[in-house]
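Visitor: next one to model:
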Amino acid sequence: MTDQPDLRHGESRSAETNSSVIVDFREYKQSKDPLPVTFHRRELDAILWIYGRMVGEGEWRDYAIDHLKDKAVFSVFKRSGEMPLFRIEKNPKLAAKQGAFSVINTNGMTLKRGHDLSQVLKVFDKQLKLVEK
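Guide: Residues are numbered from 1 along each chain as shown. Purely as a prediction, here's the structure:
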């Protein structure tokens, strides 16, 4: 004979195997698929103010915003089909180190990095212009 109970008449095995666990779906989804990093409204206002000024000067013509798992990126372009002239990045993992905000040029060189976005954006106060050969 086996140790298994006879289940022919609709009996259940035990209360332990049929117990259920209640899981909050929002918490489960966030743990499996965390929200992307985004720019806050004041951060975006500061970036768009610089963008508007540079468009007015004829330096920039297009932009793109990417919200990724590990960082948020605001890319600016001279022409929409090209590589970005500059990327303004927010990387929260670097906040405790050299600062979450950085400005990176086309070649991937970090021009300025810091904890305060307004200070980092001062790199555009200097006349940075595209030099074409």
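
Visitor: which SSE is immediately downstream of the helix or strand bottoming out on mean pLDDT in the chain?
Guide: In the chain, the helix or strand scored least confidently by mean pLDDT, DSSP states H and E is helix 25-32, which has a mean of 69. Next along the chain after helix 25-32, taking DSSP states H and E as the criterion, comes helix 41-56.

Visitor: what sits up against that following helix?
Guide: By CB atoms under 8 Å, 6 or more residues apart in numbering, the residues outside helix 41-56 that reach it are 39, 60-61, 63, 74, 76, 88, 90, 117-118, 121, 124. C-beta here means a position set from N, CA and C on the backbone, and glycine is covered the same way.

Visitor: now do 6 Å
Guide: Helix 41-56 is contacted by residues 60, 63, 74, 88, 117-118, 121, 124 when judged by CB atoms under 6 Å, 6 or more residues apart in numbering.

Visitor: which of those residues lies closest to residue 98?
Guide: Taking CB to CB as the measure, residue 98 lies nearest residue 117 of these, at 13.9 Å.

Visitor: what's the local residue count around that closest one?
Guide: 22 (other CB atoms under 10 Å).

Visitor: all strands for this protein, in order.
Guide: Per DSSP state E, the chain carries strands over the ranges 62-67, 72-77, 86-90, 101-105, 110-114.

Visitor: quick one: mean pLDDT over the first one.
Guide: Same thing as strand 62-67. Mean pLDDT, strand 62-67: 94.

Visitor: quick one: list the elements packing against it.
Guide: On a contact count with 3 or more CB pairs under 6 Å, 6 or more residues apart in numbering; DSSP states H and E, strand 62-67 meets strand 72-77.
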